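Q: A predicted structure for the sequence below; I have some questions about it.
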Amino acid sequence: MKVHDEISGRLRAFIEAQPMFFVATAPTGPGGHVNVSPKGMSGTFVVLGGHRVAYLDYHGSGAETTAHLDENGRITLMFCAFQGPPNIVRLHGHGRTVPVTSPEFAEMLALFPSPPDTHGVRSVIDVAVERVSDSCGYAVPLMSYEGDRDLLVRAHERRSEADLAEYRRVKNGVSIDGRPVYAD
(Lines give C-alpha, C1' and ligand atoms only; values in the text may rest on other atoms or scores of the structure.)
Protein backbone atom coordinates (compact mmCIF):
# COMPACT_ATOMS: atom_id res chain seq x y z
CA MET A 1 0.00 0.00 0.00
CA LYS A 2 1.13 3.51 -0.75
CA VAL A 3 -0.26 6.73 0.73
CA HIS A 4 -0.35 9.71 -1.65
CA ASP A 5 -0.35 13.44 -0.97
CA GLU A 6 -3.42 14.02 -3.13
CA ILE A 7 -5.59 12.78 -5.98
CA SER A 8 -3.56 13.62 -9.06
CA GLY A 9 -2.07 12.21 -12.24
CA ARG A 10 -2.53 8.48 -12.67
CA LEU A 11 -4.70 8.16 -9.55
CA ARG A 12 -7.16 10.72 -10.85
CA ALA A 13 -7.21 9.06 -14.28
CA PHE A 14 -7.77 5.66 -12.66
CA ILE A 15 -10.62 6.92 -10.45
CA GLU A 16 -12.35 8.72 -13.32
CA ALA A 17 -12.12 5.61 -15.53
CA GLN A 18 -13.91 3.29 -13.08
CA PRO A 19 -17.59 2.66 -13.89
CA MET A 20 -18.31 1.60 -10.30
CA PHE A 21 -17.14 2.50 -6.80
CA PHE A 22 -18.09 1.64 -3.24
CA VAL A 23 -19.03 3.95 -0.37
CA ALA A 24 -18.57 2.92 3.27
CA THR A 25 -19.85 4.74 6.37
CA ALA A 26 -20.54 3.79 9.97
CA PRO A 27 -22.31 5.25 12.96
CA THR A 28 -20.37 6.50 15.95
CA GLY A 29 -19.74 3.95 18.69
CA PRO A 30 -20.10 0.18 18.80
CA GLY A 31 -23.82 -0.01 17.92
CA GLY A 32 -25.55 0.37 14.63
CA HIS A 33 -24.86 -1.00 11.19
CA VAL A 34 -21.85 -0.34 8.98
CA ASN A 35 -23.02 0.56 5.49
CA VAL A 36 -21.31 -0.32 2.19
CA SER A 37 -23.01 0.72 -1.04
CA PRO A 38 -22.03 0.25 -4.69
CA LYS A 39 -22.38 3.36 -6.84
CA GLY A 40 -22.11 3.93 -10.55
CA MET A 41 -23.62 5.53 -13.66
CA SER A 42 -21.46 7.64 -15.91
CA GLY A 43 -21.39 11.31 -14.99
CA THR A 44 -22.37 10.86 -11.33
CA PHE A 45 -18.86 11.18 -9.81
CA VAL A 46 -16.45 14.08 -10.07
CA VAL A 47 -12.95 14.83 -8.77
CA LEU A 48 -13.08 18.49 -7.67
CA GLY A 49 -9.44 18.80 -6.65
CA GLY A 50 -6.57 17.04 -4.97
CA HIS A 51 -8.56 16.67 -1.76
CA ARG A 52 -12.20 16.91 -2.78
CA VAL A 53 -14.66 14.67 -4.64
CA ALA A 54 -18.43 14.50 -4.95
CA TYR A 55 -21.08 12.16 -6.26
CA LEU A 56 -24.77 12.32 -7.07
CA ASP A 57 -26.94 10.39 -4.63
CA TYR A 58 -30.17 9.22 -6.23
CA HIS A 59 -33.35 8.24 -4.39
CA GLY A 60 -32.98 4.67 -3.23
CA SER A 61 -34.10 2.06 -0.76
CA GLY A 62 -32.08 3.42 2.16
CA ALA A 63 -30.37 6.53 3.44
CA GLU A 64 -27.59 5.14 5.62
CA THR A 65 -24.82 7.23 4.10
CA THR A 66 -26.64 10.47 4.87
CA ALA A 67 -27.53 9.29 8.40
CA HIS A 68 -23.91 8.46 9.14
CA LEU A 69 -22.54 11.64 7.55
CA ASP A 70 -24.99 13.72 9.58
CA GLU A 71 -23.78 11.94 12.72
CA ASN A 72 -19.99 11.89 12.28
CA GLY A 73 -19.04 12.71 8.68
CA ARG A 74 -16.72 9.70 8.24
CA ILE A 75 -16.66 8.16 4.77
CA THR A 76 -14.44 5.96 2.62
CA LEU A 77 -14.76 5.56 -1.14
CA MET A 78 -13.09 2.59 -2.85
CA PHE A 79 -12.37 2.10 -6.54
CA CYS A 80 -11.28 -1.32 -7.88
CA ALA A 81 -9.82 -2.26 -11.24
CA PHE A 82 -11.99 -5.03 -12.65
CA GLN A 83 -10.20 -4.71 -16.03
CA GLY A 84 -6.57 -3.97 -16.88
CA PRO A 85 -3.75 -3.85 -14.33
CA PRO A 86 -4.86 -4.61 -10.76
CA ASN A 87 -5.30 -1.64 -8.44
CA ILE A 88 -7.45 -0.46 -5.55
CA VAL A 89 -7.70 3.22 -4.58
CA ARG A 90 -9.25 4.33 -1.29
CA LEU A 91 -10.27 7.87 -0.42
CA HIS A 92 -10.79 8.43 3.31
CA GLY A 93 -12.35 11.64 4.51
CA HIS A 94 -15.30 13.50 5.87
CA GLY A 95 -18.41 14.10 3.85
CA ARG A 96 -21.55 16.09 3.97
CA THR A 97 -24.92 15.73 2.32
CA VAL A 98 -26.29 18.60 0.25
CA PRO A 99 -29.96 17.66 -0.18
CA VAL A 100 -32.08 18.66 -3.17
CA THR A 101 -33.99 20.96 -0.80
CA SER A 102 -30.84 22.97 0.08
CA PRO A 103 -30.20 26.37 -1.53
CA GLU A 104 -26.66 25.09 -2.25
CA PHE A 105 -27.90 22.09 -4.27
CA ALA A 106 -28.01 23.85 -7.69
CA GLU A 107 -24.46 25.14 -7.20
CA MET A 108 -23.21 21.64 -6.34
CA LEU A 109 -25.12 20.02 -9.21
CA ALA A 110 -23.43 22.43 -11.64
CA LEU A 111 -20.04 20.87 -10.73
CA PHE A 112 -20.97 17.72 -12.67
CA PRO A 113 -20.12 18.29 -16.35
CA SER A 114 -22.17 15.44 -17.86
CA PRO A 115 -24.63 13.88 -15.44
CA PRO A 116 -27.41 11.56 -16.57
CA ASP A 117 -30.97 12.71 -15.95
CA THR A 118 -30.81 14.46 -12.57
CA HIS A 119 -34.54 14.43 -11.79
CA GLY A 120 -34.14 11.51 -9.35
CA VAL A 121 -31.15 12.96 -7.46
CA ARG A 122 -31.93 13.45 -3.76
CA SER A 123 -28.56 14.96 -2.79
CA VAL A 124 -24.93 15.56 -3.62
CA ILE A 125 -22.41 13.90 -1.34
CA ASP A 126 -19.44 16.27 -0.99
CA VAL A 127 -16.27 14.69 0.42
CA ALA A 128 -13.20 16.41 1.86
CA VAL A 129 -10.53 13.77 1.23
CA GLU A 130 -7.97 13.46 4.02
CA ARG A 131 -6.14 10.29 2.99
CA VAL A 132 -5.47 8.86 -0.48
CA SER A 133 -4.00 5.39 -0.83
CA ASP A 134 -3.68 2.64 -3.38
CA SER A 135 -2.86 -1.03 -3.08
CA CYS A 136 -2.26 -4.00 -5.33
CA GLY A 137 -5.72 -5.46 -5.91
CA TYR A 138 -4.21 -8.78 -6.99
CA ALA A 139 -7.25 -10.74 -5.75
CA VAL A 140 -9.88 -8.51 -7.41
CA PRO A 141 -11.45 -10.57 -10.20
CA LEU A 142 -11.39 -9.60 -13.84
CA MET A 143 -14.88 -8.70 -15.03
CA SER A 144 -16.26 -7.12 -18.18
CA TYR A 145 -18.21 -3.87 -18.10
CA GLU A 146 -21.28 -4.05 -20.31
CA GLY A 147 -22.68 -0.58 -19.62
CA ASP A 148 -24.72 1.43 -17.17
CA ARG A 149 -28.18 0.30 -16.13
CA ASP A 150 -30.89 2.86 -16.81
CA LEU A 151 -33.40 1.44 -14.34
CA LEU A 152 -32.76 4.00 -11.57
CA VAL A 153 -33.24 6.96 -13.89
CA ARG A 154 -36.32 5.37 -15.50
CA ALA A 155 -37.85 4.54 -12.11
CA HIS A 156 -37.79 8.19 -11.07
CA GLU A 157 -38.69 9.91 -14.35
CA ARG A 158 -42.37 9.15 -13.88
CA ARG A 159 -42.40 10.69 -10.36
CA SER A 160 -43.18 14.37 -9.78
CA GLU A 161 -41.17 16.53 -7.37
CA ALA A 162 -43.96 16.03 -4.82
CA ASP A 163 -43.77 12.25 -5.34
CA LEU A 164 -40.01 12.32 -4.75
CA ALA A 165 -40.44 14.39 -1.58
CA GLU A 166 -42.98 11.83 -0.34
CA TYR A 167 -40.58 8.99 -1.27
CA ARG A 168 -37.84 10.61 0.83
CA ARG A 169 -40.22 11.12 3.74
CA VAL A 170 -41.69 7.60 3.67
CA LYS A 171 -38.83 5.40 2.44
CA ASN A 172 -35.82 7.47 3.55
CA GLY A 173 -37.19 9.23 6.63
CA VAL A 174 -35.14 7.12 9.03
CA SER A 175 -32.08 4.89 8.71
CA ILE A 176 -32.16 1.18 9.52
CA ASP A 177 -30.82 2.14 12.97
CA GLY A 178 -33.68 4.61 13.49
CA ARG A 179 -31.70 7.82 12.84
CA PRO A 180 -33.75 10.59 11.23
CA VAL A 181 -32.64 11.37 7.69
CA TYR A 182 -34.95 12.93 5.05
CA ALA A 183 -37.82 14.25 7.10
CA ASP A 184 -38.86 17.03 4.65
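A: The structure has been received and is ready for your questions.
Q: residues in contact with residue 88?
A: 78, 79, 80, 81, 134, 135, 136, 137, 140 (Cβ atoms under 8 Å, 6 or more residues apart in numbering). C-beta here means a position set from N, CA and C on the backbone, and glycine is covered the same way.
Q: At the geometric centre of this structure, which residue sits there?
A: By Cα atoms, centre = their mean, the chain has its centre lying nearest to residue 55, at 4.9 Å.
Q: Spell out the secondary structure type for that residue.
A: Following DSSP: H, G, I helix; E, B strand; the rest coil, the label given to residue 55 is strand.
Q: Which strands or helices does whichever strand or helix holds residue 39 pack on?
A: Element membership for residue 39, per DSSP states H and E: strand 35-40. For strand 35-40, the contact count by 3 or more Cβ pairs under 8 Å, 6 or more residues apart in numbering; DSSP states H and E identifies strand 20-25, helix 64-71 as packing neighbours.
Q: Identify whichever of the ones you listed lies nearest to residue 50.
A: Nearest to residue 50, of all the helices and strands packed on strand 35-40, is strand 20-25, at 17.9 Å by Cβ to Cβ.
Q: Output the longest helix belonging to this structure.
A: Longest helix of the chain, by residue count under DSSP state H: helix 161-171.
Q: Just the buried residues of that helix, please?
A: 164, 165, 167, 168 (16 or more other Cβ atoms under 10 Å).
Q: For the protein, which segments count as helices?
A: 9-17, 64-71, 105-109, 151-157, 161-171.
Q: just the ones you listed: most buried one?
A: Of all these, helix 64-71 has the most neighbours on average by mean count of other Cβ atoms under 10 Å, namely a mean of 22.
Q: Now do it and strand 20-25, the angle between them.
A: Interaxial angle, helix 64-71 versus strand 20-25 (axes from the mean of the first three to the mean of the last three Cα atoms, to 10 degrees): 40 degrees.
Q: got the contact list for helix 64-71?
A: Everything outside helix 64-71 that qualifies as a contact, by Cβ under 8 Å, 6+ apart, is 23, 25-28, 33, 35, 37, 57, 74-75, 95-97, 99, 123, 125, 172, 174-177, 179-182.
Q: how about a cut-off of 10 Å?
A: 23-29, 32-37, 39, 55, 57, 63, 74-75, 94-97, 99, 122-123, 125-127, 172, 174-182 (Cβ atoms under 10 Å, 6 or more residues apart in numbering).
Q: Nice, that's everything, thank you.
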